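S.K.: would you be able to build a 3D model of this:
(chains A and B)
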Amino acid sequence: MPTQQAESARPPNGESAGLGRGGRPADRPPRPVRDGIGLGLAVGISGVAFGAAAVSSGLTVWQACVLSMLAFTGASQFALVGVIAGGGSLLAGTAGAILLGSRNTLYGLRLAEVLRPRGLFRVPAALAVIDETTAITLAQPDPAAAKKAFTATFWCLYVTWNLATLGGALGAGRIGSPQAFGLDVVGPAAFLALIWPRLKTGRTERLVALAGVALALATTSVLPVGVPVILAATAALAGALAAPGAQDSPASASSRRAAAAPNDSSPRDAI
Amino acid sequence: MTATWIAVLATAAGCYALKLAGLTVPQRILADARMRRFAELVPVALLAALSAVQTVTNGQAFDLDPARLAGLGAAVVALVLRAPFLAVIVVAAATAAILRATGIS
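M.R.: This is a model prediction of the structure:
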């Protein structure tokens, strides 16, 4: 397919410059840092809820802060304090919280390919591997933007989440609930927005997303909190085994994406 | 050291180790086309499921909060209209906040 090869050989900047004249929304340059900071602030503030929940479950302010600093993964943190608050055993709470952390392992597989972290850099980088950083990093059009997005989202979210945890643990939650500002919708809206371009361009992606949602919702009432989301990974496994795209070599997949880009004015997922 | 501290530190260590494990898995396992495709599709499946679960459930129960549903609906409209990312999340949060503030939901 000569046309596709010609398209894919064109530098990404050339494409943007050519299409940018019309001022169409998606032709704006990617804003990895600005988007990362915005998401970091909005999601990080929810740390207030975690700090408050932790202290009311019986943790000390320090214990709440250590969890946010070192575990730094909301679902696991909430799981641990939820079990403690419910009077469950510490062992069960710890095991559940760690189980929930396993989705970050799956994210790391993909992030390692995009970010190519080397040697000791992986030690600090690992702390940053969570839902938000993964979503925003993988939505970037190229590895350079992906690195910027990963770093900006992590720092902003880490600082905000930890300050908010401290604030919540000290009683800042009484000032106003994050829900009053609609912050409980920020996560769901952000995750949807960040996978949106992939849902638009890939039939397998749409099917996998729908199957993941169906699996998670169908098992919500019978499995411990957080596990249904991990179960959604089986939809990805099924998609990888069943979809014709599974046979694509990386090169052909990327040239197909590059070729599709000029017709699709959504932000591209080229990584 | 109290038992609670042990639980806190074990959770932190376990969560960190799982994160590090993903980043340090040898990249050659992604040489297999199906494995590579799986790694590509995992964030799509998990983030879609997470978005749905956070929107319509609370713990193990379904919780159809009208303001939250309207917020996500507004986000979808913004996405269809090709709004930039930050506009999408601002529209979603503002919709939920306004509905709650006005007592409509």
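S.K.: low-scoring stretches of chain B, by residue?
M.R.: The model of chain B has pLDDT under 70 over residues B:1, B:105.
S.K.: need the contact list for the residue of chain B found nearest chain A.
M.R.: Closest residue of chain B to chain A, Cβ to the nearest Cβ: B:Gly22 (1.9 Å). Glycine gets a C-beta too; all of them are placed from N, C-alpha and C. By Cβ atoms under 8 Å, 6 or more residues apart in numbering or on different chains, the residues touching B:Gly22 are A:104-109, A:111-112, A:126, A:129.
S.K.: distance check, the residue nearest to A:Val159 when sequence neighbours are not counted against A:Phe78.
M.R.: Nearest residue to A:Val159, sequence neighbours excluded (Cβ to Cβ, 6 or more residues apart in numbering or on different chains): A:Gly44, at 7.3 Å. As judged by Cβ to Cβ, to the nearest Å, A:Gly44 and A:Phe78 stand 15 Å apart.
S.K.: neighbour count: those two, which is higher?
M.R.: Ranked by neighbour count (other Cβ atoms under 10 Å in any protein chain shown), A:Gly44 and A:Phe78 place A:Gly44 first, with 25 against 21.
S.K.: for A:Val186, give its distance to chain B.
M.R.: To chain B, A:Val186 is 5 Å away according to Cβ to the nearest Cβ, to the nearest Å.
S.K.: got phi/psi on that residue?
M.R.: Note on A:Val186: its backbone torsions stand at phi -60, psi -50 [degrees, to the nearest 10].
S.K.: host element of the closest residue to it other than its chain neighbours?
M.R.: Counting by Cβ to Cβ, 6+ apart, A:Ala42 is the residue found nearest to A:Val186 once chain neighbours are left out, at 4.4 Å. Counting by DSSP states H and E, the element that carries A:Ala42 is helix A:32-44.
S.K.: and residue 69, what does it touch?
M.R.: Answering for chain A, as no chain was given. Going by Cβ under 8 Å, 6+ apart, A:Met69 touches A:Asn162.
S.K.: wait, I meant chain B there
M.R.: For B:Leu69, the contact set (Cβ under 8 Å, 6+ apart) comprises B:55-56.
S.K.: picking that back up, pLDDT score assigned to the residue nearest to A:Val159?
M.R.: A:Gly44 carries a pLDDT score of 92 in this model.
S.K.: how far away is it from A:Ala180?
M.R.: 17 Å.
S.K.: quick check: closest non-adjacent residue to the closest residue to chain B within the stretch 1-150 of chain A.
M.R.: Residue of the stretch 1-150 of chain A nearest chain B, by Cβ to the nearest Cβ: A:Gly108 (1.9 Å). Among residues not flanking A:Gly108 along the chain, B:Gly22 sits closest, at 1.9 Å (Cβ to Cβ, 6+ apart).
S.K.: now do the strands in chain B.
M.R.: Secondary structure of chain B (DSSP state E): strands located at B:57-58, B:61-62.
S.K.: which one of the ones you listed has the most crowded surroundings?
M.R.: With neighbours taken as mean count of other Cβ atoms under 10 Å in any protein chain shown, the strands of chain B reach their highest mean count in strand B:57-58, at a mean of 16.
S.K.: residues making contact with that one?
M.R.: Strand B:57-58 has contacts (Cβ under 8 Å, 6+ apart) with A:217, A:220, B:63.
S.K.: rerun that using 7 Å as the cut-off
M.R.: Residues outside strand B:57-58 that contact it (Cβ atoms under 7 Å, 6 or more residues apart in numbering or on different chains) are A:220, B:63.
S.K.: what are the pairing partners of it, and which direction each?
M.R.: strand B:61-62 (antiparallel) (DSSP bridges).
S.K.: who's in contact with the partner strand?
M.R.: By Cβ under 7 Å, 6+ apart, the surrounding residues in contact with strand B:61-62 are A:221, B:56.
S.K.: A:Ser221: neighbour count?
M.R.: With other Cβ under 10 Å as criterion, A:Ser221 counts 12.
S.K.: for it, which non-adjacent residue is spatially closest?
M.R.: Among residues not flanking A:Ser221 along the chain, B:Gln60 sits closest, at 5.4 Å (Cβ to Cβ, 6+ apart).
S.K.: that neighbour touches A:Thr219, doesn't it?
M.R.: No - under the criterion of Cβ atoms under 7 Å, B:Gln60 makes no contact with A:Thr219, lying 9.8 Å away.
S.K.: between those two, which has more neighbouring residues?
M.R.: A:Thr219 (16 against 13).
S.K.: which one is that one nearest to, not counting chain neighbours?
M.R.: Excluding its sequence neighbours, the residue lying closest to A:Thr219 (Cβ to Cβ, 6+ apart) is A:Pro228, at 4.4 Å.
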